[in-house]
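Engineer: I'll drop the sequence and a predicted model, then ask my questions.
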Amino acid sequence: MTRHSTDSNDPRGPRPLTRRTVLVDGARLSLLLPLLPELALGSAQREDAAGAPVLVVVQLSGGNDGLNTVVPWRQDEYRKQRRLIGLPAQDLHRFDDDFGLHPSLPGLSGLAADGLMALVHGVGTPRPDRSHFRSLEIWHTSEPDKPVGSVGWLGNLADQLARKHPGSLPALAVGGRELVLSMRGAEVLPATLPDDRGFTLSRVSQRLAEHRDFILGHPKHDGAPKSDLEFLRQAARTSYSAAERMQKIVATKSPVVYPDRPLARDLRLVARLIAGGFGTRIFHASLGGFDTHASQASVHAALLSDLDGALTAFQRDLVASGVADQVITLVFSEFGRRVRENGSRGTDHGHGGPVFVLGPQVAPGGHGAHPDLAHPVDGDIPSTTDFRGVYRRLERDWMGLEPFARAEIDAPPFLR
Amino acid sequence: MPKPRIDRATSAHVLRRVGFGAPREAVDAATERGLDATLEELFARRAGHAAPEAVQRDLDAALATQDLVKLQARWMALILDDAAPLVERVTLMWHGHFATSDAKLGRVRLMHRQNQLFREQGLGDFRALLHAVAKDPAMLLWLDGNQNKVGRPNENFAREVMELFALGVNGGYTEGDIKEAARAFSGWSVEGSEYAFHAEEHDRGEKTLFGRGGVFTGEEALERVLAHPACPRWVARRLLTTFCVPDPTAAQCEEWGRVLVEREWRIDATLERLLRSDLFLGPLARRSRIAGPVELVANVALSLRAKVAPIDAMRAAAIMGQVLFMPPSVKGWDGGRTWIHPGTWLARHNHLMELILAGDAFDARRAYGADLDQAHVVERVGATLLPDGLDDTLRAVLEDTAKRAGSPVGAARDATALLLTAPEFHLY
């Protein structure tokens, strides 16, 4: 291992955890409310104020090869099945005693060493589906059984936040034009920011802007819109003021330097919006291209390098901006890949894989059981943690909201 | 002179809802001709409709390169070309009804083929349309029909036929009906780019659908779906939400479902009557729903005679939340208030302001007449964009804007920009 270890062939045990201030956040307090009624007011106020919990989800589209991301280098089966694309132990970055991170992930290894990263091994859907589209649909809608859902798990959170705070912008997708299914609510369709400039507004003259504001304000109702016309008036007013606020925030300088890459630019914007108190509580960003069926080594290394640069800069930025304690970032992919490499120095669609969870509020280190490589089913390793359990911890324990899936599915406790 | 049988606001409504909109003089002409002649003309503009040469070239290029962007732009070109407005309106309606997305397929030719099916059969017999859609290769791949085999049924298509395509969510069928219909559709598959029936994968067993047993094929299952009493109501509902009102009552769906059946399930024959009805012409329908992105973009370009490149119009609609050939799910676009959030409102603002205030796509004299003078700016802008009339606030603000501009052209430009971003204009 090249980092956080003196002996490249014999990684030491995990670093002892450093003591951290125990933080009280609104989400956790709200769980204690029945026991501590006098705290209810404080919790409610925190919900409104800056400091309310924020969830950032990064989707790795195409099916990331989890086994070459978090490498079980001690397992013989890994070497046996991956003679050509298996990664040598000495090139890995340390994660813990049993697992090393891909050579392109030095930054994440550093975050892990600083206690800012957890991972859950073998997270997948209850039944594997080899289709990208269907697998994403399952992850997005938190619904592995019925094929059609048009509301996503993050959209469900956005709906709940919008009900509590009408007129707010509870969720934003960054990058791309199409709103991902996970973000679609029954009531709220979060805005998509096509690029890192945020909301932009074509300039009109001061006079036209004033006249426009006059039209939008007459007559003015602030309650729930009864007619579509009143709804449009309110939406337009919200839009113009959001654009103005966002433009001011986007212009602020980041305390850290980000790589000049798409995901890094997107996450830079997210960090600015959180640090600037924009008020959005759910963000979505994505990185595509993980469908590595052939000659995967260089492609996968480049993608993970993009991911590493973006996540590391983002996490460092949040810490430097003093908002890290209110943010958790989840990184997932729709499926992992087969244990055995294919004949083209690539890998084919597999099942579950590791998810990363970042932030000072995570319980650092690895969680859950790693799938047993020696006993694959149909050439594939069964996942060990149902993805809905991971969601549940984030929805309920972190955000303090109602989970989307009704089933009481558990996941290892990766939060503090 | 014979008295016009419709007023100007009504003829504008007809041109906006049946097609995608028309310039000021065309609205005047339609008002002069009356409703029957206007509708006759709209219905006539479809036979032998050939795409302009440039649009055809774009299509060839799109199919040769499998480039979805070119295919999207080509459809927008047909809409903006306005040669067959009702055909394109109905094609868009069925695209939203039988919503299929290239996000899953990645097969541009198949998406085009389905689109042509809507274009060629969309005004015809709904029963034939449903049978054709059920065997459309894009649909079979989209809803995994090709994976539906005896002993390993895939219920996706059977479920959506009932829930979304023919009967509706509360259409009075059961989960059991879905399972049994799925068995009937087993063996329907796609080979290359064509529908293929794999007899060895078809379930020949006894099945029960809607309480009646028998050994029946997929075609016969579709016939039973079409014979279900919920079917005409559900199809009528789609016509009513597209052309008339966003929330038709059960009685209205029932009534127009009966008309559909009386008229041999023909969409065109049903529309002939619907478009002369009080439900369509009366106040309930007028500006009763929020414009979708494609209709908004097309309406502005057509009403103002603005020269918008189809690819730009298509991209503008995409940023506003409607990506042609990529509806968000099999439910299609939800429409209504879901079109509007800050991102999409700002996208509307940005597209409209850039169209009017930057570049030369918009020409005030082309839009409002060579004889445009300062005194008539607000009247012409209003008559073009909001022929239903301006309320006092809008009129006062537009008059003030026009008065402060240095020239009639400048006044028209500013008043147009202001009216296009007024919420009133986004009611369609």
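Structural biologist: Yep, it's here.
Engineer: all contacts plus neighbour counts: C-alpha atoms, from now on.
Structural biologist: Will do.
Engineer: Flag every residue of the stretch 101-250 of chain A that's near chain B.
Structural biologist: Taking CA under 8 Å from any CA of the partner chain as the contact definition, the stretch 101-250 of chain A meets chain B at A:133, A:147-148, A:150, A:177-178, A:181, A:187-193, A:199-204, A:208, A:211-212, A:215-216, A:218, A:228-229, A:231-233, A:235-236, A:238-240, A:242.
Engineer: Phi and psi next, for residue A:344.
Structural biologist: With angles defined as degrees, to the nearest 10, residue A:344 sits at phi -120, psi 30.
Engineer: Surely it is in contact with residue A:294?
Structural biologist: Yes - if you go by CA atoms under 8 Å, residue A:344 and residue A:294 touch, sitting 4.9 Å apart.
Engineer: Only whichever of the residues of the stretch 101-250 of chain A next to chain B are buried, select them in ChimeraX.
Structural biologist: In ChimeraX, this line selects whichever of those come out buried by 16 or more other CA atoms under 10 Å in any protein chain shown:
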select /A:148,150,177,178,181,187,188,189,190,191,192,193,199,200,201,204,208,211,212,215,216,228,229,231,232,233,235,236,238,239,240,242
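Engineer: Mind checking which of the residues of the stretch 101-250 of chain A next to chain B land in helices?
Structural biologist: A:133, A:208, A:211-212, A:215-216, A:228-229, A:231-233, A:235-236, A:238-240, A:242 (DSSP state H).
Engineer: helices and strands around whatever helix or strand residue B:139 lives in, which ones?
Structural biologist: Counting by DSSP states H and E, the element that carries residue B:139 is helix B:137-142. In terms of contacts (3 or more CA pairs under 8 Å, 6 or more residues apart in numbering or on different chains; DSSP states H and E), helix B:137-142 is packed against helix B:102-105, helix B:108-121, strand B:188-191.
Engineer: ok, 10 Å please
Structural biologist: Helix B:137-142 is packed against helix B:102-105, helix B:108-121, helix B:126-134, helix B:156-160, strand B:188-191, strand B:194-197, with contacts defined by 3 or more CA pairs under 10 Å, 6 or more residues apart in numbering or on different chains; DSSP states H and E.
Engineer: Okay, buried residues for it please.
Structural biologist: Neighbour-count burial for helix B:137-142 [16+ other CA under 10 Å]: B:137-142.
Engineer: What lies in contact with it?
Structural biologist: B:98-115, B:132-134, B:136, B:144-148, B:156-157, B:188-196, B:330 (CA atoms under 10 Å, 6 or more residues apart in numbering or on different chains).
Engineer: Got a quick PyMOL command for the buried subset of those?
Structural biologist: Buried residues among the contacts of helix B:137-142 (16+ other CA under 10 Å), as a PyMOL selection:
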select buried, chain B and resi 98+99+100+101+102+104+105+107+108+109+110+111+112+114+115+132+133+134+136+145+146+147+148+156+157+188+189+190+195+330
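Engineer: Restrict the contacts of helix B:137-142 to those that also contact chain A, please.
Structural biologist: B:103-105, B:156, B:330 (CA under 10 Å from any CA of the partner chain).
Engineer: quick one: which of the residues you listed is nearest chain A?
Structural biologist: For these, the minimum distance to chain A (CA to the nearest CA) is 6.0 Å, reached by residue B:104.
Engineer: what sits against the closest one?
Structural biologist: Per CA under 10 Å, 6+ apart, neighbours of residue B:104: A:131-134, B:138, B:141-143, B:326.
Engineer: so which of those residues comes closest to residue A:60?
Structural biologist: residue A:132 (11.5 Å; CA to CA).
Engineer: And the closest one, how far from residue A:140?
Structural biologist: Residue A:132 is 12 Å from residue A:140, where distance means CA to CA, to the nearest Å.
Engineer: Compare neighbour counts for the two and give me the winner.
Structural biologist: Set residue A:132 next to residue A:140 and count neighbours by other CA atoms under 10 Å in any protein chain shown: residue A:140 wins out with 23 against 18.
Engineer: Please report how far that one lies from residue A:149.
Structural biologist: From residue A:140 over to residue A:149 the distance is 9 Å, taken as CA to CA.
Engineer: Which neighbours do the two have in common?
Structural biologist: Common neighbours of residue A:140 and residue A:149, using CA under 10 Å, 6+ apart, are A:181-182.
Engineer: Which residue ranges of the chain form strands?
Structural biologist: Just so you know, I chose chain A. A:54-61, A:70-71, A:93-94, A:100-101, A:117-124, A:171-174, A:191-193, A:282-288, A:327-333, A:353-358, A:365-367, A:385-386 (DSSP state E).
Engineer: Chain B was what I was after
Structural biologist: Going by DSSP E, chain B shows strands at B:188-191, B:194-197, B:207-209, B:212-214.
Engineer: For the last one, which helices and strands make contact with it?
Structural biologist: Spelled out, that is strand B:212-214. Partner elements for strand B:212-214 (3+ CA pairs under 10 Å, 6+ apart): strand B:207-209.
Engineer: What lies in contact with the strand it packs on?
Structural biologist: Contacts of strand B:207-209 (CA under 10 Å, 6+ apart): B:173-174, B:176-181, B:183-184, B:213-217, B:221, B:224-225.
Engineer: out of those, which are buried?
Structural biologist: Buried among the contacts of strand B:207-209 by 16+ other CA under 10 Å: B:173, B:177-181, B:183-184, B:216-217, B:221, B:224-225.
Engineer: Report pLDDT for residue A:187.
Structural biologist: If you check residue A:187, the pLDDT there is 82.
Engineer: To clarify, my last question referred to residue A:206.
Structural biologist: 87.
Engineer: List the contacts of it.
Structural biologist: Counting by CA under 10 Å, 6+ apart, residue A:206 has contacts residue A:212.
Engineer: what's the distance between it and residue B:400?
Structural biologist: 14 Å.
Engineer: cool, and residue B:228?
Structural biologist: Distance, residue B:228 to residue B:400, by CA to CA: 59 Å.
Engineer: go on, residue B:322?
Structural biologist: Relative to residue B:400, and taking CA to CA, residue B:322 is found at 35 Å.
Engineer: Those two: who's more crowded?
Structural biologist: Neighbours were counted for residue B:322 and for residue B:400 using other CA under 10 Å; residue B:322 has more, 23 against 15.
Engineer: Now do the contacts for that one.
Structural biologist: By CA under 10 Å, 6+ apart, the neighbours of residue B:322 are A:177-178, B:292-294, B:314-316, B:328, B:333, B:335, B:339, B:344.
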